[in-house]
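>>> Dropping a prediction and its sequence here:
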Amino acid sequence: FAAAVADLPKVDLVVHEIIGNLATEEGVAAALEDLQRRPVVVDSATRGWSLPSRIETRVAPINLHIPLPLGAKAAKVSAARQPNASRLSFVPPPAVLLGEPRIAEVVDASEPIQLQQEHHLEWRIGVSSTLTGFACAPFVLLDENAVLDAWSMQTHWRHVLVHLQRPELVELGDIVHLRVCADLRHFPVSHYFEVSIARQGNGDPDTVCKMF
């Protein structure tokens, strides 16, 4: 990290590609947050000081039956090695998605970077299906005119499929809730997923899975 270097030269623009399959897993948030606290190195109040200017991880519920890696189990893990997750070699087709991708974490260089984040997402199920997990991939805003979206174009990033401990049947009108917590203060970073489902006509959501 730049934080480990005491004397950095003065620059006008920071160009980086420390973006992982989960956008923050390579430590980009802590690196840029450190630079935001070093005005003698770069003026982070200047528009466009960082390229990319904003990165996100976008996540969507999915019905995709793929075996976990050998010996995998749900456990507390770093983003770099997730035994309850698979790295896909393809972009999940729309037919297996149970909802649109939503923002699970964000690093925006034009704002103070938050190293501890919590996002609450929800999707209303439109057709009876099976929820097997959540697919995650980065969305990168380079500048005002250029975007890299791993959900809609071919990139070198691989979608991360976070598996439920067991598949859950979902019916028309059910609401899938996902709480995503990201601790980006240290490397490796950590992510925590908590999943609950509000059954149609059944009041409060039931927690079905907690995953790191």
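Yes, it's here. Numbering: from 1, shown residues only.
>>> Got phi/psi on the closest residue to Val91 other than its chain neighbours?
Nearest non-adjacent residue to Val91, counting by CB to CB, 6 or more residues apart in numbering: His159, 6.5 Å away. Bear in mind the C-beta positions are built from the backbone N, C-alpha and C, glycine included. Its backbone dihedrals place His159 at phi -60, psi 140, with angles given as degrees, to the nearest 10.
>>> mind starting the numbering at 10 from now?
Yes, from this point I'll number from 10; that puts the last item at His168.
>>> His165 looks like it's in a helix, true?
No. Applying DSSP: H, G, I helix; E, B strand; the rest coil, one finds His165 to be coil, outside a helix.
>>> and it, how many neighbours?
By the criterion of other CB atoms under 10 Å, His165 has 8 neighbours.
>>> for Val20, same thing?
Val20 has 12 neighbouring residues, counting by other CB under 10 Å.
>>> Where do the strands of this structure begin and end?
In chain order, the chain shows strands spanning 23-24, 59-60, 63-71, 94-96, 111-117, 125-133, 138-150, 156-158, 169-179, 184-192, 199-207, 215-220, with DSSP state E as the criterion.
>>> residue closest to the middle of the protein?
Relative to the mean C-alpha position of the chain, the nearest C-alpha, by CA atoms, centre = their mean, is the one of Thr66, at 3.1 Å.
>>> which residues does the closest residue to that one other than its chain neighbours contact?
Closest residue in space to Thr66, ignoring its immediate chain neighbours: Ala32 at 4.3 Å, by CB to CB, 6+ apart. When contacts are counted by CB atoms under 8 Å, 6 or more residues apart in numbering, Ala32 is found next to Ile64, Glu65, Thr66, Glu114, Val116, Pro147, Phe148, Val149.
>>> Fine, thanks again, bye for now.
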